[in-house]
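Enquirer: Quick one, what's the 3D model for this:
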Amino acid sequence: HPGQQFVPYCFLYRRRADGQFLPSGDVNPSRGRKTPLGLLSLLAGSYYQDEYLNYEFLKRPKIDSRDKFFEFLWRDPELGQRDSSDLPLSRYFGYPFGWAIARTGWDENSAIAEMKINVYNFINHQHHDAGSFQIYYRGPLAIDSGAYSGSSGGYNSPHNKNYFKRTIAHNSLLVYDPDEVFESQNYGGAGKTPFAVNDGGQRLNGPQWGAPQDLED
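Expert: The predicted model follows:
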């Protein structure tokens with residue numbers, strides 16, 4: 001689909017002055033290390049003849065050695081380059097996410113604000129963060145918090161399922177109902193076994209972190 005050309009633009013707009021990105025979903029920022037777009041920018045740039053994405057790849061042409069054959073087969077060595085400085089300062093990434101990002105510029109003094117709507121939540125790698133926001137200016141100010149690492153933060157650990165993935169770790173509203181139970185399975189109201197603590201946040205719409213089987217779910 002032609003719209004897939006602009007999926008990587010989400011990273012262009014989320015890039016902070018330190019080279020990292022505003023956190024989103026199951027990602028752990030690498031402190032002090034710039035994150036290249038690598039294979040994503042190589043493939044999308046070559047396929048769509050996109051000079052912005054080609055610039056991203058050539059700026060830091062780092063891809064896994066196992067993926068070098070993709071570069072050999074598909075990189076267009078004659079494709080031009082354009083940096084992001086002449087892109088509009090705001091962008092809306094619509095259905096099915098509904099995310100808006102605005103910047104004051106593209107230099108190291110730029111402020112960045114992000115707002116997430118989440119038309120759909122696909123669970124697991126995507127967090128329960130509808131309506132949340134982030135702000136960055138010379139450092140992270142309003143943040144997406146938590147960590148996905150270590151024995152205390154790994155998959156299905158108490159921190160992972162009770163904080164990191166949940167609404168409480170994000171700048172979003174909490175509405176606490178003491179009688180609400182976050183069940184391990186809640187398709188059709190089945191089961192009453194608490195899977196995670198009640199944070200007052202958004203419901204868990206799947207068996208544990210299982211992805212919904214259709215859009216209705």
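
Enquirer: For the closest residue to T35 other than its chain neighbours, the count of nearby residues, please.
Expert: Nearest non-adjacent residue to T35, counting by Cβ to Cβ, 6 or more residues apart in numbering: Q20, 5.7 Å away. Using the backbone N, CA and C atoms, a C-beta is placed for each residue, glycine as well. Residues lying near Q20 (other Cβ atoms under 10 Å) number 19.

Enquirer: same question, A113
Expert: A113: 18 surrounding residues under other Cβ under 10 Å.

Enquirer: my read: it touches S132, true?
Expert: No: with contact defined as Cβ atoms under 8 Å, A113 does not reach S132; the gap is 11.7 Å.

Enquirer: Extract the CA atoms of the top helix by length along the chain and return them as PDB.
Expert: When the chain is parsed with DSSP state H, its longest helix is helix 38-48. In PDB, the C-alpha atoms belonging to helix 38-48 read as follows (Å, rounded to 0.1, in the frame of the first residue of the first chain):
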ATOM      1  CA  GLY A  38      19.000   0.800   9.300                       C
ATOM      2  CA  LEU A  39      17.200  -1.800   7.200                       C
ATOM      3  CA  LEU A  40      13.900   0.000   7.600                       C
ATOM      4  CA  SER A  41      15.200   3.100   5.900                       C
ATOM      5  CA  LEU A  42      17.100   1.100   3.300                       C
ATOM      6  CA  LEU A  43      14.100  -0.900   2.100                       C
ATOM      7  CA  ALA A  44      11.400   1.700   2.300                       C
ATOM      8  CA  GLY A  45      13.700   4.400   0.800                       C
ATOM      9  CA  SER A  46      14.700   2.200  -2.100                       C
ATOM     10  CA  TYR A  47      11.200   0.800  -2.800                       C
ATOM     11  CA  TYR A  48       9.400   4.100  -2.700                       C
END
